[in-house]
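Asker: Here's my sequence, what's the structure:
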Amino acid sequence: MAGKLAHVTETRPATRADIPEFPATRPESCPFDPDSAFTRLRAEDPVTPVRCPAGMDAWLVSRYEDIRAVLADPRVSARAATSNHMLPDYDDADPLPGAILSHDGEEHARLRRLLIGEFTVRRMEALRPYIQRITDEHIDGMLKGADADLLTDFALPIPSLVICEMLGVPYADRDMFQHDSQVLIGFEADMATREATAQRLRDYLRELIEQRMVEPRDDLVSRLIARGNETDRPLIMEELEILALSLLVAGHETTANTIVLSMSALLANPEQLAAMRAAPETIGTAVEELLRYLSVVQFGIFRYATEDLTVGGIDVKAGEWLIAATQSGNRDEQVYPHADRLDVTRKDRTHLAFGFGAHQCIGQQLARIELQVALTALLQRVPGLRLAEPQAPSDFKHNGIVYGLRSMPVTW
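Answerer: Modelled structure (predicted):
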């Protein structure tokens, strides 16, 4: 496979057989911490070769400043997207048209320009009353009983409803796209299954896109078609399908899992929960800390060197792979004192949870608002919220791009 680190022996006193596996095991003592190996790597070996589940060797970059440098470097390509180094059958093919996470340079800029107007701070803030309303409605529904699954009854519906509202996707179809999203962000299905799942979602979205081409509505898909048509290179159907698919999947999975993980972490740190409840006006600061602490994109960001470069004093050759371990950078003690401690009063807002550089998450403002509204409502309206049963390691989703919980039974 392209990108093998053939020159590792030139920079490390190791043979290829000595290269360690990518660190992907969370400590039993805390389900919110990344692999404990990162603490040592940041101190002793911040740019080091690892063997990936996908079969290639890559440079694992674990310090905050080096990660930012990698993600901002135009000589580093996003062609492999976020976490494909974790897929055992990954094939390094050319990015699909419209795959905004995988394109570089002008092609990426073209796609991002067409979307960025949909995700301005002003437009996202205009959604806050709607997000508040559906959040309150779901809490009303929960409070009619004495217990609930915080994932399926609260955390998952809210961002799903919002992204459906934005795209113009019928919320009635949520069971289908939520199931298929799980397949696409997980590592358990084989490549054939993932491809078939992606095609099923693309076929579904193509029907919606074709409808909007004939009868535009006040939704993102309609505006995206119109905006593309105003340029000298209108979006083709394949690009529209892939863009819509990316937004639909990313628009609900990461936020839903961050909501439940945030409440799980707060219940495990009652003094932090009490601090949030005592000062609701600081929810913005608290959400940034939870994003940093949890780092739900749990295996870092996969990248490819298109030219020779130096990272953290190590020479990286063109054609070699890198992993920007954002989950490690967010725990870098040189940037965050007591980095492994959840501190909702921490003022720093420079975390890497949304990535960095040209590919930084386009939907980050929406995610912030959804988290602020959802967590504030839970703390204020369900003060007695607690776990209905102790959480076990098997409750957490370890084998997927996005870390989260399979379920979270709660009572009050």
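Asker: biggest helix in the chain by residues?
Answerer: Longest helix in the chain by number of residues (criterion: DSSP state H): helix 237-268.
Asker: mind checking how far that one is from the chain centre?
Answerer: Between the centre of helix 237-268 and the centre of its host chain there is 7 Å, according to C-alpha atoms, centre = their mean, to the nearest Å.
Asker: average model confidence for it?
Answerer: The pLDDT scores in helix 237-268 average 96.
Asker: go on, stretch 150-165?
Answerer: Mean predicted lDDT for stretch 150-165 stands at 97.
Asker: Repeat that for stretch 271-287.
Answerer: 96.
Asker: buried sites along it?
Answerer: By neighbour count with 16 or more other C-beta atoms under 10 Å, stretch 271-287 contains the buried residues 272-273, 275-276, 283, 285-287. Placement of C-beta: from N, CA and C, glycine included.
Asker: likewise stretch 112-123?
Answerer: 114-115, 118-119.
Asker: Tabulate those (TSV), appending secondary structure.
Answerer: As requested, those are exported to TSV (DSSP: H, G, I helix; E, B strand; the rest coil):
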residue	secondary structure
114	helix
115	helix
118	helix
119	helix
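Asker: Residue 210: which of these is nearest?
Answerer: Closest to residue 210 out of the buried residues of stretch 112-123 is residue 114 (18.7 Å), distances taken as C-beta to C-beta.
Asker: Assess the claim that the closest one and residue 233 are in contact.
Answerer: No. Contact criterion C-beta atoms under 8 Å: residue 114 and residue 233 do not qualify, at 10.1 Å.
Asker: Among the buried residues of stretch 271-287, which lie within helices?
Answerer: Judged by DSSP H, helices contain the following of these: 272-273, 275-276, 283, 285-287.
Asker: just the residues you listed now: which is nearest residue 90?
Answerer: For these, the closest approach to residue 90 (C-beta to C-beta) belongs to residue 287, at 32.8 Å.
Asker: measure the closest one to residue 251 for me?
Answerer: Computed with C-beta to C-beta, to the nearest Å, the distance linking residue 287 and residue 251 is 17 Å.
Asker: do residue 53 as well
Answerer: The value you get for residue 53 to residue 251, if C-beta to C-beta is used, is 27 Å.
Asker: more crowded one of these two?
Answerer: Neighbours were counted for residue 53 and for residue 251 using other C-beta atoms under 10 Å; residue 251 has more, 24 against 17.
Asker: ok, how many other residues are close to the nearest residue to that one once chain neighbours are set aside?
Answerer: Distances taken as C-beta to C-beta, 6 or more residues apart in numbering place residue 163 nearest to residue 251, at 3.3 Å, with adjacent residues excluded. Residues lying near residue 163 (other C-beta under 10 Å) number 24.
Asker: residues contacting residue 163?
Answerer: By C-beta atoms under 8 Å, 6 or more residues apart in numbering, residue 163 lies in contact with 169, 247-248, 251-252.
Asker: Tabulate these (CSV), appending distance to residue 151.
Answerer: As requested, these are exported to CSV (distance: C-beta to C-beta, whole Å):
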residue, distance to residue 151
169, 20
247, 21
248, 18
251, 17
252, 12
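Asker: Going by neighbour count, list what's buried in stretch 171-181.
Answerer: Buried residues in stretch 171-181 (16+ other C-beta under 10 Å): 174, 177-178, 180-181.
Asker: mean confidence for it?
Answerer: Averaged across stretch 171-181, pLDDT comes to 94.
Asker: Now do the strands in the chain.
Answerer: Ranges of strands in the chain, per DSSP state E, are 47-51, 57-61, 76-77, 147-149, 301-305, 309-311, 314-316, 321-324, 386-387, 396-397, 404-405, 409-411.
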